[in-house]
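1. Kindly return the folded structure for what I paste below:
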Amino acid sequence: MTAPDHHRKQADTVQDSPRMGTVSDIAELAALYAEPPDGVRVNMIFSADGAAVFGGRAGPLSGEADQQLLKILRGFADVVLVGAATARAENYGPVQLSDAQRAQRQRDGRSKPPPIAVISRSGVLPHRLVSDPGQPPLLVTCADSAARHNRNSDQRCGVLVAGEDTVDVARAVALLRAHGLSRILCEGGPSLLDELVDADVIAEVCVTLAPKLAASQPAGHRHRPSRLPLPAALRLQHALARDDYLFLKYRR
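-> Below is the predicted model of the structure:
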């Protein structure tokens, strides 16, 4: 190996090495998420013993740094994708951004906060989510539910039809991207995460590991086995600690 080749290999190894350690403040952590992938970025939290929820909600597992990161990730997204059960359990409303986030989005040519896109077979949205006419959500549903919603509901929202009898999540992602919403932040829940993994549409996974024990908590259940022949491989980007929470980021 020649000297230039040796140095190039060393540089590639350093560049590919995941960052490990602690972060001093949320700004330092936020900078590591400022380039979202073109596709689906998933953000999830789990307890140290693997629970995704406590008492039916992810909120009790969260902490200040995790809540700040959630808001920061929303500022980088074109759309926030969530399952209907999670939207109801966590009492979702329209996305609220800081003045700094709004200013940055305007510089990037995006004048409004990202809409919430709810995947729902029933077509029923939480009332708080449709409370602001200036920030209508998107309902991603199947053809049957879309027809019922258009006939019977007074909820103001955009409607995307992804499937006939059930919601096809791969089709849902394709429709969002076709509407110019290519940086998709998925906030769960676990059942939707399973479907996105099965559809092989995830580009990045952001995981917060909470310093809490929650025991076995129900968080949706599979009705069929995974279609994956083998677990999909990911590359670790960083593993960073703050306030006893561990923040992990993986990319395909």
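2. can you count the residues close to residue 108?
-> Residues near residue 108, counting by other C-beta atoms under 10 Å, number 9. For every residue, glycine as well, the C-beta is placed using N, CA and C.
3. How about the backbone phi and psi for it?
-> Backbone torsions for residue 108, taken as degrees, to the nearest 10, come to phi -90, psi 0.
4. Need the pLDDT of the closest residue to residue 65 other than its chain neighbours.
-> Nearest residue to residue 65 in three dimensions, chain neighbours excluded: residue 242, at 4.8 Å (C-beta to C-beta, 6 or more residues apart in numbering). Note on residue 242: pLDDT of 95.
5. Assess the claim that residue 242 and residue 30 are in contact.
-> No: the criterion here is C-beta atoms under 8 Å, and residue 242 misses it with residue 30 at 11.2 Å.
6. More neighbours: the two, which one.
-> residue 242 (20 against 17).
7. Distance of the more buried one relative to residue 76?
-> As judged by C-beta to C-beta, to the nearest Å, residue 242 and residue 76 stand 19 Å apart.
8. Assess the claim that residue 45 and residue 66 are in contact.
-> Yes: between residue 45 and residue 66 there is a contact under C-beta under 8 Å: 6.1 Å.
9. which residues do these two both contact?
-> 208, 210 (C-beta atoms under 8 Å, 6 or more residues apart in numbering).
10. quick one, which of those two is more surrounded?
-> Set residue 45 next to residue 66 and count neighbours by other C-beta under 10 Å: residue 45 wins out with 25 against 19.
11. so which helix or strand takes in the more buried one?
-> Taking DSSP states H and E as the definition, one finds residue 45 inside strand 39-47.
12. From the rest of the structure, what touches the helix or strand just after that strand?
-> For strand 39-47, the succeeding helix or strand toward the C-terminus, using DSSP H and E, is helix 64-76. Here helix 64-76 makes contact (C-beta under 8 Å, 6+ apart) with 26, 29-30, 33-34, 36, 41, 43, 45, 62, 80, 95-98, 101, 104-105, 113-114, 183, 185, 187, 206, 208, 210, 242-243, 245, 247.
13. What average pLDDT does helix 64-76 get?
-> If you average the pLDDT values across helix 64-76, you get 96.
14. Only alpha carbons, please: show it as CSV.
-> Extracted in CSV, the C-alpha atoms of helix 64-76 (Å, rounded to 0.1, in the frame of the first residue of the first chain):
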residue,chain,number,x,y,z
GLU,A,64,-36.3,17.0,29.2
ALA,A,65,-33.5,16.3,26.7
ASP,A,66,-35.6,13.8,24.8
GLN,A,67,-38.5,16.2,24.6
GLN,A,68,-36.2,18.9,23.3
LEU,A,69,-34.8,16.6,20.7
LEU,A,70,-38.3,15.6,19.5
LYS,A,71,-39.1,19.3,18.9
ILE,A,72,-35.8,19.8,17.1
LEU,A,73,-36.3,16.8,14.8
ARG,A,74,-39.7,18.2,13.9
GLY,A,75,-38.1,21.4,12.7
PHE,A,76,-36.0,19.5,10.2
